[in-house]
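Undergrad: Pasted the sequence and its predicted model underneath.
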Amino acid sequence: MRIVITGATGHVGSALLKRLHEARTDGRADLDIVGVARREPDRDVPPYSGVEWRHADVGEPSAQAALARAFEGLTP
């Protein structure tokens, strides 16, 4: 299952990533996780590791195309 999280580095997004990371590690779910954020976090630190990262500021007009690519699974 592909899950795209906007605001993935914020409080709610980070908490959601943590839960999804636990589910994937426990083998309860086969997940393809995509994080969308203005600034990319340290990819080596859980819960940010094992996530495909996309850059987008959802407040900008250009975000629409970037979000569409992320949700469709297209490369940036």
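TA: Received, thanks. Numbers count the residues shown, from 1 in each chain.

Undergrad: How about the spatially most central residue of the chain: what's its closest non-neighbour residue?
TA: Nearest to the geometric centre of the chain sits residue 35, at 1.2 Å (Cα atoms, centre = their mean). Spatially, and ignoring its direct neighbours in sequence, residue 35 is nearest to residue 8 (3.3 Å; Cβ to Cβ, 6 or more residues apart in numbering). Heads up, the C-betas are built off the backbone N, CA and C, glycines and all.

Undergrad: I'd assumed residue 51 was in contact with that neighbour.
TA: Yes. Using Cβ atoms under 8 Å, residue 8 is in contact with residue 51, at 7.2 Å.

Undergrad: Return every residue with contacts to both of the two.
TA: Overlap of the contact sets of residue 8 and residue 51 (by Cβ atoms under 8 Å, 6 or more residues apart in numbering) consists of 17, 35.

Undergrad: so how many other residues sit close to the residue nearest to residue 35?
TA: 23 (other Cβ atoms under 10 Å).

Undergrad: who's in contact with residue 51?
TA: Per Cβ under 8 Å, 6+ apart, neighbours of residue 51: 8, 17, 33, 34, 35, 43.

Undergrad: quick revisit: which SSE is the residue nearest to residue 35 in?
TA: Using DSSP states H and E, residue 8 maps to neither a helix nor a strand.

Undergrad: I'd like the distance between it and residue 16.
TA: Distance of residue 8 to residue 16, computed by Cβ to Cβ, to the nearest Å: 8 Å.

Undergrad: Same check on residue 54?
TA: As judged by Cβ to Cβ, residue 54 and residue 16 stand 16 Å apart.

Undergrad: Fine by me, we can end here.
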